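S.K.: Here is my input; please provide its structure:
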Amino acid sequence: MPNRGWNSVQLEDVLDSVFAGAWGESPTDFRKPNVRVLRATNIDSEGRVDYSHPALRVLETREISRKRLHPGDLLLEASGGGPGTPVGRVAVHNVQSDELDYICSNFFRVLRPNADLVHPAYLAHLLVAAYRSPRIWRYQQQTTGLVNLKLGDYLKQSLWIPPMHEQARIVEILAGFEAAEQGIDASISKFRNVRHGALLTSMASVGSENPASGWARVPLKSIVPSAEYGVSEALDRDARGVPVLRMNNIQSGRIDADDLRYCPVPVPAKLFLRSGDVLFNRTNSMEHIGKAAMWRDELPSATFASYLVRLVPDLQRVTPEYLVEWLMHPLVRQRVRSISTVAVQQVNVNPTRLRELEIDLPVDLAEQRRIVAMLEACDEQIEHENEELNKLRELKRGLVDDLLSGRRVTASGVAA
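M.R.: From the prediction side, this is the model:
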């Protein structure tokens, strides 16, 4: 139990008001946008708001006065989610409006704290911790196609609130961690930009009218003699079956062998993956279509689902690693989308049409390897920074749990 001076209260007792967001209407030629709408894509599970891409909408003036966000307001995700994914993410709004007011979408509820009772950032930390805890499942309600928050129950949850000066000290301590996180995030962004620039520079022939000296431009089918579909059987979670890679197992040009499904029936030997096979995602949304990765024996054995295609390169002319980089090149992704066909709620790429695209590549395999090595050096830096960020976040979460429960003494010595 926390020290003397901490009070157990219900969430609704420390709020001045709770109200729903709004969506507004799309701007037209004669109605300019007058609000910026923060959506689910603008917040994360760590309590942060990304202000870079709000939706621009038109809202009636009287509605703006009721719905505009104030610094310190908490954005509570009240609807959305999906199977196995709870709603209830919380982020604190912390910027002043300028020429356009901020509101949030109607998938949110705005919690406006009573600043005399609770520091908004402290309350945000409490609710972010609640979202990460098992108790968030108490407040979930499944409806058709959506998960909704049981708001009445959520607002009655009990919270430990220390004196205001102790809240401020806890917020100050955690702000130091957040600043360190932002520094690592900035470093990751820098290395990603470096990688992107290196890719465009080293593969400049891809966007040029004619291939550069020492480069060839040939139909993909001339260096990828075969493209094969994977297994189409129904999959399950029984690990006694054969591991099957799906679209979600291709991440940032690499194979992610987590969250596997398994084929419960025997798989033909020819459909088992071999080191150097390149997997291409041929069916999904436009955003995910064309993702590719090389199989590097991440598992002792595995196969792949039918909505992926295995491309088998001619190793005398192209390295698998270079083929993946070419497939993931922004201009090539655009070309892939241009040859895709739209079906019901998804996009498809015919492997035959894919292999008719022209690929630019250095004739010398050593040059292909040099380009890939340069890009992989950037990937290693990004991976290192991500590991450091994950370590910092784990440390912060442990500290948050201690501070918010009163188990850890701050420099002021109030909590114990």
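S.K.: and the gap between Gly47 and Glu367?
M.R.: According to CB to CB, to the nearest Å, Gly47 and Glu367 sit 46 Å apart. Where C-beta positions appear, they are placed from N, C-alpha and C, glycine not excepted.
S.K.: With Arg68 instead?
M.R.: Taken as CB to CB, the span from Arg68 to Glu367 is 57 Å.
S.K.: again, but for Leu151
M.R.: Going from Leu151 to Glu367 by CB to CB gives 60 Å.
S.K.: same check, this time on Ser52
M.R.: For Ser52, the distance to Glu367 (CB to CB) stands at 37 Å.
S.K.: The two - which one has more neighbours?
M.R.: Between Ser52 and Glu367, counted using other CB atoms under 10 Å, Glu367 has the larger neighbour count: 15 against 6.
S.K.: Hmm, the more buried one is touching Ala216, no?
M.R.: No. Contact criterion CB atoms under 8 Å: Glu367 and Ala216 do not qualify, at 11.3 Å.
S.K.: what helices or strands is the longest helix along the chain leaning on?
M.R.: As assigned by DSSP state H, the longest helix anywhere in the chain is helix 365-405. In terms of contacts (3 or more CB pairs under 8 Å, 6 or more residues apart in numbering; DSSP states H and E), helix 365-405 is packed against helix 120-132, helix 164-202, helix 320-328, strand 358-362.
S.K.: now with 10 Å?
M.R.: Contact here means 3 or more CB pairs under 10 Å, 6 or more residues apart in numbering; DSSP states H and E; on that basis helix 365-405 packs against helix 120-132, strand 158-161, helix 164-202, helix 320-328, strand 358-362.
S.K.: how big is the angle separating that helix from helix 164-202?
M.R.: Here the directions of helix 365-405 and helix 164-202 differ by 170 degrees (axes from the mean of the first three to the mean of the last three CA atoms, to 10 degrees).
S.K.: how far is helix 365-405 from where the chain is centred?
M.R.: Distance of helix 365-405 from its chain centroid, counting by CA atoms, centre = their mean, to the nearest Å, is 15 Å.
S.K.: before we move on, what about stretch 329-337?
M.R.: Distance of stretch 329-337 from its chain centroid, counting by CA atoms, centre = their mean, is 21 Å.
S.K.: now it: mean pLDDT?
M.R.: What stretch 329-337 shows for mean pLDDT is 94.
S.K.: going forward, begin numbering at 813 instead of 1
M.R.: Sounds good: first residue 813 from here, last item stretch 1141-1149.
S.K.: Domain-wise, how is this structure divided?
M.R.: Using automatic domain parsing, the domain ranges for the chain come out as 819-973, 976-1026+1176-1228, 1029-1175.
S.K.: what's the spacing between the nearest residue to Leu1201 once chain neighbours are set aside and Ser1020?
M.R.: Nearest in space to Leu1201, with sequence neighbours left out and distances taken as CB to CB, 6 or more residues apart in numbering, is Ile996 at 4.5 Å. Distance of Ile996 to Ser1020, given as CB to CB: 36 Å.
S.K.: Which one's more surrounded, the two?
M.R.: It is Ile996, of Ile996 and Ser1020, that has more neighbours when counted by other CB under 10 Å, with 18 against 12.
S.K.: wait, the more buried one sits on Asn1198?
M.R.: Yes. Using CB atoms under 10 Å, Ile996 is in contact with Asn1198, at 8.4 Å.
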